[in-house]
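*Asks:* what shape does this take:
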Amino acid sequence: MAISNSSHTLSSTFIPGYEEYHHWISIPFCFFYFVGIMGNCTILHVVRTDPRLHEPMYYFLAMLSLTDMGMSLPTMITLFRVLWSISREIQFNICVVQMFFIHTFSFTESSVLLAMALDRYVAICHPLRYATILTPKLIAKIGITALLRSAIPLIPLMIRLTFFSFCRSHILSHSYCLHQDIIRLACADTKFNVIYGLVVIIMIWGIDCLGIFVSYVFILHSVLRIASHEGRLKALNTCASHICAVLILYVPMIGLSIVHRFAKHSSPFLYVFMAHIYLLVPPVLNPIIYSVKTKQIHQGILHLFFPKKIHSAVM
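*Replies:* Presented below is the predicted three-dimensional model:
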């Protein structure tokens with residue numbers, strides 16, 4: 001018998017059969033969330049308060065930190081409700097809202113990475129025009145466009161979900177809601193959601209990946225024309241952090257999509273592992289990578305936490 005989604009609840013899981021260890025498992029997850037939130041808040045604070053960082057590259061980095069938190073924070077409540085045995089139930093309407101924010105910010109992060117690739121292209125290939133091309137007004141427009149470009153295509157999918165009924169298992173593959181997981185549980189014709197969802201992925205992730213690739217083709221072409229070996233290394237070093245950020249977003253993202261579409265009978269552990277790698281690794285690693293690899297961010301963080309020592313060193 002079909003159940004109306006208006007009163008339907010879904011049951012979230014972590015790793016079935018390991019419930020007795022959930023309290024212990026919650027400890028590393030608390031640590032990862034803490035590191036991710038503190039790291040990204042630190043980046044945002046340093047960029048906002050240090051006038052030396054009021055440049056296009058660091059504005060885009062601030063956008064990346066915001067989208068990182070936007071990806072991970074919507075999952076915190078449901079994850080820890082499961083791990084701390086508070087409740088496994090998620091109201092369908094709440095599930096749809098959570099799903100919307102997760103997918104919106106994951107697409108937005110992809111768009112921001114494309115914008116950062118274009119930033120590196122302008123900085124390396126057109127350095128004299130860098131400040132005149134990437135003005136604060138243009139950067140603000142890019143940020144707003146990235147968010148709207150990610151959110152608006154998801155609206156038809158969310159509306160379509162509200163008309164679904166559920167007559168199969170109501171147990172999600174993990175502790176939060178993803179579109180691929182919900183349509184797996186529906187007892188309705190999900191062809192539109194499957195095809196349209198694939199089109200959205202191609203039109204956003206596909207175009208972003210292509211844009212990043214093309215940007216780096218031009219960057220490499222320009223770098224190889226630099227006469228000195230040191231100059232080439234210096235130019236490429238400015239791209240190292242961005243390349244790492246691209247890899248730690250797209251590799252887990254592609255892996256999770258493959259698991260949901262082509263490994264439907266895999267171990268529940270694989271679903272849980274890939275899902276949390278996808279949402280936790282970028283927010284945790286991006287601030288660390290940019291803090292280590294970007295000299296200005298590194299100095300800004302040191303100045304934030306050790307202002308007296310930095311001032312003494314300068315004197």
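*Asks:* quick one: the strands in the stretch 151-300 of the chain?
*Replies:* Using DSSP state E, counting those that start in this stretch, the strands of the stretch 151-300 of the chain run over 165-166.
*Asks:* which regions of it sit below the pLDDT cut-off?
*Replies:* Along the stretch 151-300 of the chain, the model assigns pLDDT under 70 to residues 167-169, 260-268.
*Asks:* tell me how many other residues crowd the residue lying closest to Ala235 once chain neighbours are set aside.
*Replies:* Spatially, and ignoring its direct neighbours in sequence, Ala235 is nearest to Val223 (4.8 Å; CB to CB, 6 or more residues apart in numbering). In this view, the C-beta of every residue, glycine as well, is placed from N, C-alpha and C. Using other CB atoms under 10 Å, Val223 has 18 neighbouring residues.
*Asks:* who are the neighbours in contact with Val223?
*Replies:* 124, 232, 235-236 (CB atoms under 8 Å, 6 or more residues apart in numbering).
*Asks:* can you map out the helices along the stretch 201-315 of the chain?
*Replies:* Ranges of helices within the stretch 201-315 of the chain are 207-223, 229-262, 268-293, 295-305, 307-314, based on DSSP state H, counting those that start in this stretch.
*Asks:* just checking, what packs against the second one?
*Replies:* Packing partners of helix 229-262 (3 or more CB pairs under 8 Å, 6 or more residues apart in numbering; DSSP states H and E): helix 92-125, helix 179-185, helix 207-223, helix 268-293.
*Asks:* I'd like those as a markdown table, with distance to Leu138 appended.
*Replies:* Formatted as a markdown table, the helices and strands packed on helix 229-262 follow (distance: least, CB to CB, whole Å):
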| stretch | distance to Leu138 |
| --- | --- |
| helix 92-125 | 10 |
| helix 179-185 | 32 |
| helix 207-223 | 16 |
| helix 268-293 | 22 |
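*Asks:* relative to Val47, which of the ones you listed is closest?
*Replies:* Among the helices and strands packed on helix 229-262, helix 268-293 comes nearest to Val47, with 10.2 Å by CB to CB.
*Asks:* buried sites along the closest one?
*Replies:* 268, 271-287, 289-291, 293 (16 or more other CB atoms under 10 Å).
*Asks:* could you say what helices and strands that helix packs with?
*Replies:* Contacts defined by 3+ CB pairs under 8 Å, 6+ apart place helix 268-293 against helix 22-49, helix 56-83, helix 92-125, helix 229-262, helix 295-305.
*Asks:* same list (the ones you listed) but as JSON lines, adding mean neighbour count and distance to Asn193.
*Replies:* Putting the helices and strands packed on helix 268-293 into JSON lines (neighbours: other CB atoms under 10 Å; distance: least, CB to CB, whole Å) gives the following:
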{"stretch": "helix 22-49", "mean neighbour count": "16", "distance to Asn193": "30"}
{"stretch": "helix 56-83", "mean neighbour count": "22", "distance to Asn193": "20"}
{"stretch": "helix 92-125", "mean neighbour count": "22", "distance to Asn193": "12"}
{"stretch": "helix 229-262", "mean neighbour count": "16", "distance to Asn193": "13"}
{"stretch": "helix 295-305", "mean neighbour count": "16", "distance to Asn193": "40"}
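*Asks:* which stretch among those helices comes nearest Met203?
*Replies:* helix 92-125 (9.9 Å).
*Asks:* what's the first helix or strand after the closest one?
*Replies:* Moving toward the C-terminus from helix 92-125, the next helix or strand (DSSP states H and E) is helix 130-133.
*Asks:* I'd like the average pLDDT over that following helix.
*Replies:* On average, the pLDDT along helix 130-133 is 91.
*Asks:* give me the helices and strands touching that helix, please.
*Replies:* So helix 130-133, by 3+ CB pairs under 8 Å, 6+ apart, packs with helix 92-125.
*Asks:* now Glu249: closest residue in space, sequence neighbours ignored.
*Replies:* You called it Glu, but residue 249 is Leu. Counting by CB to CB, 6+ apart, Pro282 is the residue found nearest to Leu249 once chain neighbours are left out, at 5.1 Å.
*Asks:* so what's that neighbour up against?
*Replies:* Taking CB under 8 Å, 6+ apart, we find Pro282 in contact with 68, 71, 109, 245, 248-249, 252.
*Asks:* touching, Arg232 and Ser222? I think so.
*Replies:* No: between Arg232 and Ser222 there is no contact under CB atoms under 8 Å: 10.0 Å.
*Asks:* OK, contacts around the closest residue in space to Met57 that isn't next to it in sequence?
*Replies:* The shortest distance from Met57 to any non-neighbouring residue, by CB to CB, 6+ apart, is to Asp119 (5.6 Å). Contacts for Asp119 (CB under 8 Å, 6+ apart) come out as 56-57, 60, 134.
*Asks:* return the closest of these with respect to Leu147.
*Replies:* Comparing the contacts of Asp119 against Leu147 with CB to CB places Phe60 closest, at 13.6 Å.
*Asks:* could you check how far the closest one is from Ser111?
*Replies:* For Phe60, the distance to Ser111 (CB to CB, to the nearest Å) stands at 11 Å.
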